[in-house]
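K.L.:
all I have is the shape, not the residue letters:
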């Protein structure tokens, strides 16, 4: 029996497992399998963070700043005015749901970079969306220091689509002490702040209306997959030469579907998977008819985050069917592909379905594990090994991911000679190894 041990942010040989920390399911407002009102999907932006504006549970306050004089803090520090440790925020009026980066149920919530931060010396940043999808609007939860009440930090926003097209629009971000009513901007007031050099909450509280986080929408093309957003500071009140003293932080992004689109479909396991040199192909499948759907669109990618989508299967309209044969010259032999689908009607597209892998991920196959010896669940990032295996190389789990490896049927995983069996490295990397199997060193020693 394998016991659990935590490793986070360092390389670790795993002769035991790590505490389980699966990425939480996105909170949604959706009626499954029916046409729905606006649906909100928090988007993962954790791969683009460059600022630390929220004082986490275990980090030094010296490493944290929102503007040049103060910062926010986790409820793990102080419950009054602290940001929820699970990272979940619902706006009071619109009910838009956000998931703050690095927010989780652990005592280490918000430790490390937790936002995208722009200043006069760093005026542009591209936010890569790890939840690439089709939306009608993107809601942004952010705030600024420096503009002052009655003013704003102006931004040029570039929306980058997987089709290769980019569209520019504008975005205004208001000061975190600006409590005016502004059309299209909603305020989250349940926060307080701590001044630089202090470890106690400042006396001015949110009951006076400040500080606040601002929530506002950006219109996007609901027929295309949005892959990234570039924010470029355009100065105070739209004056490009006036950027001194501006500090802008984006904490979370949420996608919203149009009203009246179908509910999201459920993708099911691939069938007829052929990874041979002779015409690699597979059949993508999903559940029966979704109420209100007139057709489906299919994405196929070489990675689970769909940042590398095959051009032929980029938002491909496959008609009103429940399975589709994926083939063609873009497919490579001995390669695992990932797929998902969306239902559509005249109102637009649903949120994307769950993701399905056609085999084990590359980080497993690189160690010699085949589809005959293991299965892989994309949504929980779980590799289940069902047969004993002598590895050809170390299993290097992805950096920055939360991964589970389960050893079933008393299977034995044997490390290659002179190497470790499983290794996890990088910041915010978490791994669990569990099950009734065991890990054996290359010298035959169980460990």
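P.N.:
Received it, and whenever you're ready, just let me know what you need. Here the structure is a predicted model, which means the values were calculated and not measured. Residues are numbered from 1 along each chain as shown.

K.L.:
show me where pLDDT drops low in the chain?
P.N.:
Across the chain, the ranges flagged by pLDDT under 70 are 1-36, 103-107, 204-209, 427, 442-447.

K.L.:
in it, which spans are helices?
P.N.:
Along the chain, counting by DSSP state H, helices occupy 362-365.

K.L.:
and the residue nearest to residue 243 when sequence neighbours are not counted, what does it touch?
P.N.:
Once flanking residues are discounted, residue 243 sits nearest to residue 120: 4.2 Å by CB to CB, 6 or more residues apart in numbering. The way it works is simple: take the backbone N, C-alpha and C, and place the C-beta from them, glycine included. Taking CB atoms under 8 Å, 6 or more residues apart in numbering, we find residue 120 in contact with 233, 243, 244, 245, 246.

K.L.:
try 10 Å this time
P.N.:
The neighbourhood of residue 120, defined by CB atoms under 10 Å, 6 or more residues apart in numbering, consists of 146, 233, 235, 242, 243, 244, 245, 246, 247.

K.L.:
please tell me how far it sits from residue 40.
P.N.:
33 Å (CB to CB, to the nearest Å).

K.L.:
so residue 327 makes contact with residue 280?
P.N.:
Yes - when contacts are counted by CB atoms under 10 Å, residue 327 is listed as touching residue 280 (7.7 Å).

K.L.:
ok, those two, which is more surrounded?
P.N.:
Using other CB atoms under 10 Å, the more surrounded residue of residue 327 and residue 280 is residue 280, with 20 against 14.

K.L.:
so who does that one touch?
P.N.:
Counting by CB under 10 Å, 6+ apart, residue 280 has contacts 273-274, 326-328, 330-335, 337, 358.

K.L.:
go through these and name the one nearest residue 344.
P.N.:
Among these, residue 326 lies closest to residue 344 (CB to CB), at 18.8 Å.

K.L.:
gap between that closest one and residue 300?
P.N.:
6 Å.

K.L.:
just give the number of residues close to the residue nearest to residue 296 when sequence neighbours are not counted.
P.N.:
Nearest residue to residue 296, sequence neighbours excluded (CB to CB, 6+ apart): residue 341, at 5.0 Å. Using other CB under 10 Å, residue 341 has 30 other residues around it.

K.L.:
nearest residue to residue 241 in space, please, no chain neighbours.
P.N.:
For residue 241, the spatially nearest residue (CB to CB, 6+ apart) is residue 235, at 6.4 Å.

K.L.:
contact partners for that neighbour?
P.N.:
Contacts of residue 235 (CB under 10 Å, 6+ apart): 120, 123, 147, 153, 154, 155, 241, 242, 243, 244, 246.

K.L.:
residue 300 contacts residue 310, doesn't it?
P.N.:
Yes - counting by CB under 10 Å, residue 300 touches residue 310, with 5.0 Å between them.

K.L.:
joint contacts of those two?
P.N.:
Taking CB under 10 Å, 6+ apart as the contact rule, residue 300 and residue 310 both touch 316, 326, 328, 330, 331, 337, 339.

K.L.:
residue 161 contacts residue 135, doesn't it?
P.N.:
No - using CB under 10 Å, residue 161 makes no contact with residue 135, being 11.2 Å away.

K.L.:
who has more neighbours out of the two?
P.N.:
residue 135 (29 against 20).

K.L.:
quick one: buried residues of stretch 175-184?
P.N.:
175, 176, 177, 178, 179 (16 or more other CB atoms under 10 Å).

K.L.:
relative to residue 227, which of these is nearest.
P.N.:
Among those, and counting by CB to CB, the member closest to residue 227 is residue 176, at 29.3 Å.
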